[in-house]
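> give me a model of this one.
(2 chains)
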2 protein chains.
Amino acid sequence: MKTTKPTILVVNDDGVTAPGIKALIEVMKEIGGRIVVVAPDSPQSGMGHAITIGKPLRLDKVDLYEGAEMYSCSGTPVDCVKLAVTRIFKGLKPDLCVSGINHGLNNGINVLYSGTMSAAVEGAIESIPSIGFSLDDYTMQADFSPCAKFIKEIALQVLQNGLPPNTLLNVNFPKTKDIKGIKICRQANAKWAEDYDERLDPYKRPYYWISGVYQVNDNGQDNDSWALDNSYASVVPTQFDMTAYNAIAVLNSWKFNV
Amino acid sequence: MKTTKPTILVVNDDGVTAPGIKALIEVMKEIGGRIVVVAPDSPQSGMGHAITIGKPLRLDKVDLYEGAEMYSCSGTPVDCVKLAVTRIFKGLKPDLCVSGINHGLNNGINVLYSGTMSAAVEGAIESIPSIGFSLDDYTMQADFSPCAKFIKEIALQVLQNGLPPNTLLNVNFPKTKDIKGIKICRQANAKWAEDYDERLDPYKRPYYWISGVYQVNDNGQDNDSWALDNSYASVVPTQFDMTAYNAIAVLNSWKFNV
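Prediction:
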């Protein structure tokens, strides 16, 4: 183990002023040396793995919380990680990348839509041990304090043990003061059943607001939805190789007439 | 097999007027009955799996190409699929969802950044057999004609055989008139080595343009980069369960002191 205190990159998708990132910075200050925060200048929920390629980015130093070197970025959560690695760390990778604490769960299929998780995925692509943290509370008044000791312990374990190659962690917390413990899980089979609220503008032209319900189609007790429903913190090891290896043999059995 | 001609949803990320989607519509008209096109009203490259949640969406009927029912959408590629399923098909799913043809490759890690592939992933989440198509040519003058017979054959095979559950196809074409054939592959281990071009605005404040080179760290001959480099069309079966199953046992061996 290194004897100097670790350098930690902190990102999120709710924006640099969100209470969730403040809570995460406070925990990281207990275990880290240099704490670098690069977060979006406005909320970026649902941005997934988007990057900004058609317009330039701003990266401004801000001075919000003591003990952390902070930057506000005009781009997406993934842009924040890329800019941090390239322009701030300049190739000297941090020891850990943590993202969140997200206001709202990112379990199951939400790993794809979530800017918080996509930032952690980008950290892992950059070979930085990376963890995304999310709490089941969308409000700005969310109480992150019950998560603190779990976040600290998980981060310390990752710093001590490292993570398997090309793997990051997706950590979600239930909304309770009495989190029962940590469950290592798989991603639940779930999806959003969308509905779009159709309204008419003052010129009688329709417009649509996304809405929908989260549908869990999974009876297992080894998935993250089950863990959260039963007051456990869920930890899903997550990868960015999207190959469906089991399907390769199936496709090789097809006869292409071309 | 169904005796009626299939209903096909066509989406992309380069926008409804891009030459690539026109080429894809032409192929789908040869095999489909009802062809529904829902595509972004402006280029959405690099949007990944982003969805629009903070503002409303527009969905306007447009009349661009004969034989296709076409809509222009103000949202992301994934928004296009969600709106199509919810507001156009209203629960009666299409038989096939095709995305592209993208102007530029989406092999390897690009599956995460690509709006084209994310739209196909969203189709698969909606249990629609889905395929993303991309050509190694970023220009608006790209010649899609060598891809046509391969696209038709792959789409017909998917309609005939179906796809394994929770699996879609990521199909990439090399830029050549002599595509040697189809290779079933895994996603190559690759990443973007970013660089950001720093410039000063007229007020002497810095801004950053993304740039970078694509680094393939993979010597295998079973990956999509190898296939494309050797003039084959690559077909990668792709999944949206991001669980790193191999890492579950590793994490269960950790002792959390909490």
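> beta-bridge partners for A:T238, please?
A:L168, B:T243 (DSSP bridges).
> just give me the neighbour total for it.
26 (other CB atoms under 10 Å in any protein chain shown). (Glycine included, C-beta is placed from N, CA and C.)
> model confidence score at it, please.
At A:T238, the model reports a pLDDT of 98.
> likewise the one 5 residues further on?
Here the pLDDT value assigned to A:T243 is 98.
> so A:K255 versus chain B, what's the distance?
Here the distance between A:K255 and chain B works out to 8 Å (CB to the nearest CB, to the nearest Å).
> check which helix or strand covers A:K82.
In the assignment (DSSP states H and E), A:K82 maps to helix A:77-83.
> how distant is that helix from the center of its chain?
12 Å (CA atoms, centre = their mean, to the nearest Å).
> same check, this time on stretch A:132-143
Using CA atoms, centre = their mean, the offset of stretch A:132-143 from its chain centre is 12 Å.
> which residues does the helix holding A:K82 contact?
Under the criterion CB atoms under 8 Å, 6 or more residues apart in numbering or on different chains, residues A:9, A:11-13, A:38-40, A:44, A:47, A:49-52, A:57, A:59, A:71, A:73, A:75, A:97, A:99, A:115-116, A:118-119, A:121-123, A:126, B:48, B:113, B:194, B:196, B:208, B:210 lie in contact with helix A:77-83.
> what mean pLDDT does that helix have?
The model assigns helix A:77-83 a mean pLDDT of 98.
> buried stuff in it?
By 16 or more other CB atoms under 10 Å in any protein chain shown, the buried positions in helix A:77-83 come out as A:P77, A:V78, A:D79, A:C80, A:V81, A:K82, A:L83.
> helix, strand, or coil at the nearest residue to A:T176 once chain neighbours are set aside?
With sequence-adjacent residues excluded and distances taken as CB to CB, 6 or more residues apart in numbering or on different chains, A:T176 is closest to A:S231, at 5.3 Å. What DSSP: H, G, I helix; E, B strand; the rest coil gives for A:S231 is coil.
> ditto for the one 3 residues further on
In terms of secondary structure, A:S234 is strand; the call rests on three-state DSSP.
> next one, pLDDT for it please.
A:S234 is given a pLDDT of 98.
> could you look up the SS state of the nearest residue to A:N110 once chain neighbours are set aside?
If the residues on either side of it in the chain are set aside, A:N110 comes closest to A:M117, at 7.4 Å by CB to CB, 6+ apart. Three-state call for A:M117 (three-state DSSP): helix.
> A:Y203 too?
Criterion first, three-state DSSP; result for A:Y203: coil.
> picking up where we left off before, was I right to think the residue nearest to A:T176 contacts A:D178?
Yes: when contacts are counted by CB atoms under 8 Å, A:S231 is listed as touching A:D178 (6.5 Å).
> which one's more surrounded, those two?
A:S231 (15 against 7).
> got the contact list for the residue nearest the centre of chain A?
With distances taken as CA atoms, centre = their mean, A:M117 lies nearest the centre of chain A, 2.4 Å away. A:M117 sits next to A:S99, A:N106, A:N110, A:V111, A:G132, A:S134, A:N170, A:T238 when contact means CB under 8 Å, 6+ apart.
> keep only those of those residues that are in helices.
A:N110, A:V111 (DSSP state H).
> which of the contacts of A:M117 tops the neighbour count?
Neighbour counts for the contacts of A:M117, by other CB under 10 Å, peak at A:S99, which reaches 36 neighbours.
> was I right about it contacting A:A120?
Yes: using CB under 8 Å, A:S99 is in contact with A:A120, at 4.3 Å.
> average model confidence for stretch A:206-220?
Rounded mean pLDDT across stretch A:206-220 is 94.
> ok, so of the buried residues of helix A:77-83, who is nearest A:M242?
A:V78 (15.8 Å; CB to CB).
> can you tell me the closest non-neighbouring residue to the closest one?
Nearest to A:V78 is A:E122, by CB to CB, 6+ apart, at 4.7 Å.
> quick one: contacts for that neighbour?
A:H49, A:P77, A:V78, A:V81, A:K82, A:S130.
> ramachandran angles for it?
phi -60, psi -40 (degrees, to the nearest 10).
> the stretch 1-150 of chain A: helices as residue ranges?
A:19-31, A:77-83, A:110-113, A:115-125, A:148-161 (DSSP state H, counting those that start in this stretch).
> adding distance to A:Q187, write those helices out as CSV.
Listed next are the helices of the stretch 1-150 of chain A as CSV, based on distance: least, CB to CB, whole Å:
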stretch, distance to A:Q187
helix A:19-31, 22
helix A:77-83, 19
helix A:110-113, 6
helix A:115-125, 11
helix A:148-161, 17
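> what bridges to A:Y196?
The partner list for A:Y196 in beta bridges (DSSP bridges) reads A:I210.
> that one contacts A:Y208, correct?
Yes: look at A:Y196 against A:Y208 with CB under 8 Å: they come within range, at 4.1 Å.
> who has more neighbours out of these two?
Using other CB under 10 Å as the criterion, A:Y196 and A:Y208 rank with A:Y208 on top: 23 against 20.
> check the secondary structure at that one for me.
Three-state call for A:Y208 (three-state DSSP): strand.
> report the separation between it and B:N12.
Distance check for A:Y208 against B:N12: by CB to CB, to the nearest Å, it reads 20 Å.
> cool, A:S99 as well?
Counting by CB to CB, the gap from A:S99 to B:N12 is 30 Å.
> number of nearby residues for A:G33?
By other CB under 10 Å, the residues close to A:G33 number 12.
> which residues touch it?
Going by CB under 8 Å, 6+ apart, the list of residues near A:G33 reads A:T4, A:K5, A:P6, A:T7.
> can you tell me how far the nearest residue to the first one once chain neighbours are set aside is from chain B?
Which is A:T4. Excluding its sequence neighbours, the residue lying closest to A:T4 (CB to CB, 6+ apart) is A:G33, at 6.1 Å. Using CB to the nearest CB, A:G33 is found at 22 Å from chain B.
> gap between A:G33 and A:T7?
Distance from A:G33 to A:T7, by CB to CB: 6 Å.
> can you check A:A84 too?
A:A84 is 11 Å from A:T7, by CB to CB.
> same question for A:G75.
In terms of CB to CB, A:G75 sits 22 Å off from A:T7.
> which bits of the stretch 1-150 of chain A sit near chain B?
A:43, A:45-54, A:56-59, A:76, A:78-79, A:82-83, A:85-87, A:109, A:111-113, A:118, A:121, A:125-126, A:149-150 (CB under 8 Å from any CB of the partner chain).
> can you report how many residues neighbour the residue lying closest to A:T139 once chain neighbours are set aside?
Using CB to CB, 6+ apart and skipping residues adjacent in sequence, the residue nearest A:T139 is A:H103, 7.0 Å away. The number of residues packed near A:H103 is 26, by other CB under 10 Å.
> what do you get for A:N172?
Other residues near A:N172 come to 30 when the count uses other CB under 10 Å.
> now it, what's its secondary structure?
strand.
> that one: what's it in contact with?
Counted by CB under 8 Å, 6+ apart, A:N172 has contacts A:L105, A:N106, A:N107, A:F133, A:S134, A:L135, A:D136, A:D224, A:L228, A:A233, A:S234.
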